[in-house]
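K.L.:
could you work out the structure for the sequence below:
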Amino acid sequence: MTVGIVGFGTYFPPRVQTAAELARMTDIPEAVLREKMGIVQRHIAGDDDTVTAMASRAAERALAMAGVPAEHIKLVISHGSEHKDHLVWNAASKIMHNVGATNAYAFEMYALCAGAPIALHTARALMLADERLDYVLLAAGSRENDLINFRNERSRFMFNFGAGGGALLLKRGATTNLLLGAAAITDGSLSETVVLTEAAIGAGEPVVGELRGRLDVTDSDYMAQRLGEVSLPNFVRVIREATEQSGASLQDIAFLGITHMKRSFYHQILESIGLTPEQSVYLEDYGHVQSVDQALALELGLAQGKIKPGDLVLLAGAGTGYTWSAAALRWG
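P.N.:
Next comes the predicted model:
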């Protein structure tokens, strides 16, 4: 039995913030933002762009692409931000209601920015085990840029956060775009390096919804030292393991869709697995949109002609906590 992607979609708020605007907010030179941090622009959510609203709009586009009625969906998994419409609340049920998936059940899974490959792996396993799950919808939304104090130097690596939604529709018994393998690894020693703190709220900044706090780094020196040791090896490890799970090797990868990060590290990962920038997309016009990045990279890769029928495609991400993940699929 097989599981494949039959539809995908993204949604981004119309408001765009450029590197020049962000430079004024952060006192970081525009050239540094563009060239080093890889932020040309990012989308900023409006009042109506809740996490579930953005995820639902992306999901509607995925359903339209596949030509599948929402009533055929049997499961909705939300793998987006925990900074959502309400606290202690199942966002997946709202997404399910918004798109009209009246014959489904819904739950959330959360692995921060590593969530998309893990959600793909989870959904595939459930679909292979339960023949009733003929269509499963994965949807994510994020506006975690709300949670950044742009005067807090400790949170500088999160200045690339943007807003948007992404969705993937999976089919049991698919004949194209098949999911083949996945892998993940977590370094729990980094579990509390990034948390919400009241200390990170800037003077005069408002309370955000039901939250009081901003994302902060608790031990910058340890986080920098530890990530410097393990991040590249762990990215390569999960990409290699997901590839091997698909019965292939690194030399067979044709395209990598990976989360947004600083430009130099992105190129370092590509080089480490034997790829060139022509075999990937860099999300400099969107920034980092949590676990939306993989659906976006897939969409852009296809639009730019970088993904062709028969290609082995790897989708990869990493999220604070700290988890690295990857999923392999055969496109076409």
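
K.L.:
dig out what the closest residue to E108 other than its chain neighbours forms beta bridges with.
P.N.:
Excluding its sequence neighbours, the residue lying closest to E108 (Cβ to Cβ, 6 or more residues apart in numbering) is S78, at 4.7 Å. Every C-beta, even on glycine, is put in place using the N, C-alpha and C of the backbone. Assessed by DSSP bridges, S78 has beta-bridge partners E108, A139.

K.L.:
wait, S78 sits on N98?
P.N.:
No. With the criterion set as Cβ atoms under 8 Å, S78 and N98 do not qualify as a contacting pair; they are 11.3 Å apart.

K.L.:
got any residues that touch both of these two?
P.N.:
With contacts taken as Cβ atoms under 8 Å, 6 or more residues apart in numbering, S78 and N98 have T52 as neighbours in common.

K.L.:
ok, the two, which is more surrounded?
P.N.:
More neighbours sit around S78 than around the other of S78 and N98, counting by other Cβ atoms under 10 Å; the figures are 31 against 18.

K.L.:
just say helix, strand or coil for I269.
P.N.:
Using DSSP: H, G, I helix; E, B strand; the rest coil as the criterion, the local structure at I269 reads helix.

K.L.:
does the nearest residue to it once chain neighbours are set aside belong to a helix, a strand or coil?
P.N.:
Spatially, and ignoring its direct neighbours in sequence, I269 is nearest to F235 (5.3 Å; Cβ to Cβ, 6+ apart). Using three-state DSSP, the three-state assignment for F235 comes out as helix.

K.L.:
contacting residues for F235?
P.N.:
The contact partners of F235, taken as Cβ under 8 Å, 6+ apart, are 269, 272, 316, 318, 324.

K.L.:
which pair of those spans the longest distance?
P.N.:
S272 and A318 (14.0 Å; Cβ to Cβ).

K.L.:
who has more neighbours out of these two?
P.N.:
In terms of neighbours (other Cβ under 10 Å), A318 is the more surrounded of S272 and A318; the figures are 24 against 15.

K.L.:
so what's the more buried one bridging to?
P.N.:
On the basis of DSSP bridges, A318 is bridged to W324.

K.L.:
next one: phi and psi at the spatially most central residue of the chain?
P.N.:
Most central residue of the chain, judged by C-alpha distance to the mean C-alpha position with Cα atoms, centre = their mean, is S291 at 1.7 Å. Taking degrees, to the nearest 10, you get phi -90, psi 20 for the backbone angles of S291.

K.L.:
repeat that for A114.
P.N.:
For A114, the backbone dihedrals (degrees, to the nearest 10) come out as phi -100, psi 10.

K.L.:
ok, the one 10 residues further on next?
P.N.:
Backbone geometry at R124, expressed as degrees, to the nearest 10, gives phi -60, psi -40.

K.L.:
so G321 makes contact with S191?
P.N.:
Yes. Taking Cβ under 8 Å as the definition, G321 is a contact partner of S191 at 5.8 Å.

K.L.:
for the stretch 101-250 of the chain, which segments are assigned as helices?
P.N.:
Listed from the start of the chain, the stretch 101-250 of the chain has helices (DSSP state H, counting those that start in this stretch) covering 115-129, 220-245.

K.L.:
could I get those as CSV with distance to A70 and mean pLDDT?
P.N.:
Compiled in CSV, the helices of the stretch 101-250 of the chain are given as follows (distance: least, Cβ to Cβ, whole Å; pLDDT from 0 to 100):
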stretch, distance to A70, mean pLDDT
helix 115-129, 17, 98
helix 220-245, 30, 97
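
K.L.:
which of those sits most buried?
P.N.:
Looking across those with neighbours counted as mean count of other Cβ atoms under 10 Å, the highest average goes to helix 115-129: a mean of 22.

K.L.:
centre of the chain to that helix, how far?
P.N.:
The gap between where helix 115-129 is centred and where its chain is centred comes out at 15 Å by Cα atoms, centre = their mean, to the nearest Å.

K.L.:
before we move on, the earlier item: turn the contacts of F235 into CSV, columns for distance to E60 and pLDDT.
P.N.:
Formatted as CSV, the entries for those read as follows, by distance: Cβ to Cβ, whole Å; pLDDT from 0 to 100:
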residue, distance to E60, pLDDT
I269, 33, 98
S272, 38, 98
A316, 26, 98
A318, 29, 98
W324, 31, 98
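
K.L.:
appreciated, that's everything.
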